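Peer 1: Quick check, what structure comes out for this input:
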Amino acid sequence: MAAVPTIELDGSSGEGGGQILRSALTLSMITGQPFRIRHIRANRPKPGLMRQHLMAVRAAAAVCRADVTHAEVGSTELTFMPRAIQGGVYEFAIGTAGSTTLVLQTLLPALLYADVPSVVRISGGTHNPKAPPAHFIDRAYLRLLQAMGAQVEFELKRFGFYPNGGGELCAAVWPCPGLRQLELVERGALRAAHAEAYVAALPLAIAQRELECVRKALGWSDDTLQPHPLSNDQGPGNALLVTLESEHVTEVFSAVGEKRVRAEAVAGGAILAAQRYLASGAAVGEHLGDQLMLPLALAGGGRYTVDHVSAHAITNAEVIAQFLPVTVTFEAGEQRSVCTISRVSE
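Peer 2: Model prediction:
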């Protein structure tokens with residue numbers, strides 16, 4: 001039997017971040033195709049594997065019993081040779097405040113192809129800058145995966161903020177006979193909207209100031225604004241979540257508090273993203289659009305409108321096309337773009 005050729009990837013291409021590696025890990029597990037990636041995270045201030053990227057590699061290797069070379073912090077290249085995906089019970093500790101959700105998103109699509117159900121527990125950061133918060137996974141990402149036929153249960157057990165971490169999430173994933181394609185051109189009528197601000201080991205006034213910014217900017221009533229003090233041992237930390245539940249899709253826009261950044265500035269980021277999305281008329285926002293692409297490619301096709309096509313999305317499309325017989329196209333409109341995933345004719 002002929003050996004499966006190794007896919008060669010350049011980690012410096014496009015936006016040059018960790019998503020190239022994470023998408024490659026997911027697709028390698030599912031397709032059985034080994035890959036070699038060089039120049040990992042070459043466009044970042046600290047190139048190479050960080051702890052959260054290394055945990056994604058180790059977690060993927062555990063799930064499919066892969067052979068891996070150069071899996072160490074700071075490594076700028078890596079070879080990954082997968083075997084069959086094994087369902088089961090897995091626990092992974094990042095050991096820092098590295099993103100648990102990015103590790104979970106690496107594993108979750110692959111575990112849909114396992115032989116038996118799986119339970120995954122991951123500890124680390126649950127609400128990080130530049131990563132989807134746990135609530136986004138639960139409300140936005142999983143709603144669309146479930147619409148495609150996946151059965152996943154998710155629980156945020158404990159918040160974890162930068163720099164202390166200590167958070168924990170858990171997901172139960174059942175094997176899926178096949179993901180369904182999805183057409184998501186319109187979001188449908190808005191059914192509910194609310195904002196939550198969480199604080200741990202910080203004054204509740206921070207949450208209240210963030211929510212006041214939401215009230216003023218979006219014109220929401222007080223009963224849609226929810227401050228949540230968490231136990232001190234989950235902090236210090238702060239996160240603002242703006243949730244928009246529409247007929248066909250739920251979006252979550254978030255911002256995470258940082259040292260020496262005013263509550264009003266933190267809130268401004270989430271508010272601006274929500275306003276852009278609402279004005280665009282798109283079905284999904286930038287980040288959900290990035291993450292919807294891979295499941296649709298596994299389903300063999302689909303289409304959705306997105307408020308902004310990022311360099312991240314274009315790079316992800318290029319990686320997907322290396323592993324799967326699909327093409328991803330983006331058609332720009334005045335306020336929204338259309339992303340179409342199509343199977344390549346043999």
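
Peer 1: Arg143 contacts His248, correct?
Peer 2: No: Arg143 is not in contact with His248 according to CB atoms under 8 Å; the separation is 9.2 Å. Just so you know, the C-beta spots here come from the backbone N, C-alpha and C atoms, and that holds for glycine as well.

Peer 1: Flag the shaky bits of the chain, pLDDT-wise.
Peer 2: Within the chain, the stretches with pLDDT under 70 are 1-3, 15-16, 346.

Peer 1: chain center to the longest helix along it, what's the gap?
Peer 2: With DSSP state H setting the assignment, residue counts place helix 263-280 as the longest helix in the chain. Mean-position distance between helix 263-280 and its chain equals 19 Å (CA atoms, centre = their mean, to the nearest Å).

Peer 1: For the helix or strand just after that helix, which helices and strands make contact with it?
Peer 2: As assigned by DSSP states H and E, the chain's next helix or strand after helix 263-280 is helix 286-299. On a contact count with 3 or more CB pairs under 8 Å, 6 or more residues apart in numbering; DSSP states H and E, helix 286-299 meets helix 18-31, helix 100-111, helix 142-147, strand 182-184, strand 301-306, helix 311-323, strand 326-332, strand 337-343.

Peer 1: Serialize those to TSV and add fields for mean neighbour count and distance to Gln208.
Peer 2: Shown next, in TSV, are the helices and strands packed on helix 286-299 (neighbours: other CB atoms under 10 Å; distance: least, CB to CB, whole Å):
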stretch	mean neighbour count	distance to Gln208
helix 18-31	24	34
helix 100-111	26	26
helix 142-147	17	29
strand 182-184	19	35
strand 301-306	22	33
helix 311-323	19	33
strand 326-332	15	40
strand 337-343	19	37
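
Peer 1: Looking at the ones you listed, spot the one closest to Phe159.
Peer 2: helix 100-111 (10.7 Å; CB to CB).

Peer 1: The closest one: how far from the chain's middle?
Peer 2: Distance, centroid of helix 100-111 to centroid of chain: 8 Å (CA atoms, centre = their mean).

Peer 1: Leu202 is nearest to which of the helices and strands packed on helix 286-299?
Peer 2: helix 100-111 (21.0 Å).

Peer 1: From the contact counts, what lies against that closest one?
Peer 2: Checking 3+ CB pairs under 8 Å, 6+ apart, helix 100-111 ends up next to helix 18-31, helix 51-64, strand 118-124, helix 134-136, strand 167-173, helix 286-299.

Peer 1: Export these as a markdown table, with columns for distance to Leu244.
Peer 2: Formatted as a markdown table, those follow (distance: least, CB to CB, whole Å):
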| stretch | distance to Leu244 |
| --- | --- |
| helix 18-31 | 24 |
| helix 51-64 | 28 |
| strand 118-124 | 27 |
| helix 134-136 | 12 |
| strand 167-173 | 22 |
| helix 286-299 | 11 |
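
Peer 1: what domains does the record give for the chain?
Peer 2: Per the record, the chain has its domains at 1-83, 85-180, 190-278, 281-346, by automatic domain parsing.

Peer 1: Now Gly237. Nearest residue, chain neighbours left out?
Peer 2: Spatially, and ignoring its direct neighbours in sequence, Gly237 is nearest to Phe161 (2.5 Å; CB to CB, 6 or more residues apart in numbering).

Peer 1: close enough to count as contact, the one you found and Leu230?
Peer 2: No: using CB under 8 Å, Phe161 makes no contact with Leu230, being 9.4 Å away.

Peer 1: and for these two, which residues touch both?
Peer 2: Ala200, Gly237 (CB atoms under 8 Å, 6 or more residues apart in numbering).

Peer 1: more crowded one of those two?
Peer 2: Of the pair Phe161 and Leu230, Phe161 is the one with more neighbours under other CB atoms under 10 Å, namely 29 against 19.

Peer 1: Using CSV, lay out the helices and strands packed on helix 286-299 together with distance to Arg65.
Peer 2: Listed next are these as CSV, based on distance: least, CB to CB, whole Å:
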stretch, distance to Arg65
helix 18-31, 10
helix 100-111, 12
helix 142-147, 25
strand 182-184, 31
strand 301-306, 31
helix 311-323, 19
strand 326-332, 27
strand 337-343, 29
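
Peer 1: Of all those, which one is nearest Pro129?
Peer 2: Per CB to CB, nearest to Pro129 of these: helix 100-111, 12.2 Å.

Peer 1: so who does Val119 touch?
Peer 2: Gly88, Val89, Tyr90, Cys170, Ala171, Ala172, Val173.

Peer 1: By neighbours, which of the residues you listed wins?
Peer 2: Val173 (24 neighbours).

Peer 1: Touching, that residue and Val152? I think so.
Peer 2: Yes: the pair Val173 and Val152 qualifies as a contact (CB under 8 Å) at a distance of 5.2 Å.

Peer 1: shared neighbours, the two?
Peer 2: Common contact partners of Val173 and Val152 (CB under 8 Å, 6+ apart): Leu108.

Peer 1: residues in contact with Ala61?
Peer 2: By CB under 8 Å, 6+ apart, the residues touching Ala61 are Asp67, Val68, Ala71, Phe80.

Peer 1: Leaving out sequence neighbours, find the closest residue to the first one.
Peer 2: Pointing back at Asp67 there. Spatial nearest neighbour of Asp67, excluding adjacent residues (CB to CB, 6+ apart): Met81 at 4.3 Å.

Peer 1: Check Tyr162 too.
Peer 2: Tyr162 sits nearest to Ala97 (CB to CB, 6+ apart), 4.2 Å away.
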